[in-house]
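**Q** sequence first, predicted coordinates after that:
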Amino acid sequence: MKLKVGVFKFTSCSGCQVELIRMNEQLPELLNLVEFKYWAMASSKLEDGPYDLALVEGAISTPECIEEVKAIREKSRVLVALGDCAVTGGVPSIRNWMSQREAETIVYPKPGYIRSTRVYGIDEYVKVDYYLKGCPPRLENILQVFKAVILGVKPRLRQHSVCVECKLYENECLLTTYKQPCMGPVTAAGCGAICPNVGRVCEGCYGPMSDPNVASMVERLREIGLSDDEIVRKFRKYAGMSKPYREVAKL
Ligand code: SF4
Ligand code: SF4
Ligand code: SF4
């Protein structure tokens, strides 16, 4: 029997779903094994659960989102947070560092009828089985989760830092050699170090690696000349709400 899959969106730019759509090459094979029951971006056929696998994109930012994500959880055997917005609140969570009213006034011409909450990843409200980090997560990692759920095993998602991938490409280190503010040492791998590979610093878009040495990273950023404000912004950018970064992001 085919795996029943639902893809859902909350507060997000939809970039993670676009990455999912990029699997067009693998799609014919995948469609032998899975059936997309609900995926509003890809099909007008929207069927209710139960789902074997729910991929949930986006942060939770309104009272309605909270109820909806709970309802999805009840209908889903395996629930995956797809991308940083769903994992930690991601980019939308930068509004947590101002008042709700200030954020609403900046975004909406008539904010009077808006009801929003502080922005969180979905595990603030429901149990998450697997986290697909990244803004967006790389397609290979998404397919790894599909494979694992089809086989009934745990997916092998990388826990080490971007530096490990960067070193495998034998890049010169932008942080230690060129004194550039690369977040690679505390950032989760999985992207293939695509930024350092082209001479750009890692901005931390995969969020924290497992057990990052945040204190040491802060010291190193200070040593190369970043101000405290710049360091705070570095940690807020993608995952300021994550446990390891909260203290530096000053929540
Ligand atoms: S994680 Fe990034 S790419 Fe995915 S929806 Fe959020 S902002 Fe967009
Ligand atoms: S360039 Fe960045 S990611 Fe690569 S090794 Fe240096 S600190 Fe790590
Ligand atoms: S190198 Fe860093 S910023 Fe670039 S894609 Fe990878 S995790 Fe994101």
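**A** Structure received. Ligands and ions are numbered 1, 2, ... in the order given.
**Q** ok, now which ones touch P244?
**A** 186, 208, 211-212, 214 (C-beta atoms under 8 Å, 6 or more residues apart in numbering). C-beta: built from backbone N, CA, C; applies to glycine.
**Q** just the buried ones among those, please.
**A** Neighbour-count burial (16 or more other C-beta atoms under 10 Å) applied to the contacts of P244 gives 186, 208, 212, 214.
**Q** pretty sure the third one contacts G184?
**A** No - checked against C-beta atoms under 8 Å, the pair P212 and G184 is beyond contact range at 10.7 Å.
**Q** got any residues that touch both of the two?
**A** Shared contacts of P212 and G184, defined by C-beta under 8 Å, 6+ apart, comprise S161.
**Q** can you give me the buried ones in stretch 34-42?
**A** In stretch 34-42, counting by 16+ other C-beta under 10 Å, buried: 34, 36-39.
**Q** show me the contacts for whatever residue of the stretch 101-250 of the chain ends up closest to ligand 1.
**A** Closest approach between the stretch 101-250 of the chain and ligand 1, counting by C-beta to the nearest ligand atom: C135, at 3.3 Å. Counting by C-beta under 8 Å, 6+ apart, C135 makes contact with 15-16, 83-85, 90-91, 205-206, 238.
**Q** how distant is stretch 95-102 from the center of its chain?
**A** 21 Å (C-alpha atoms, centre = their mean, to the nearest Å).
**Q** can you count the residues close to the closest residue to R22 other than its chain neighbours?
**A** The shortest distance from R22 to any non-neighbouring residue, by C-beta to C-beta, 6 or more residues apart in numbering, is to L139 (5.3 Å). Residues lying near L139 (other C-beta atoms under 10 Å) number 15.
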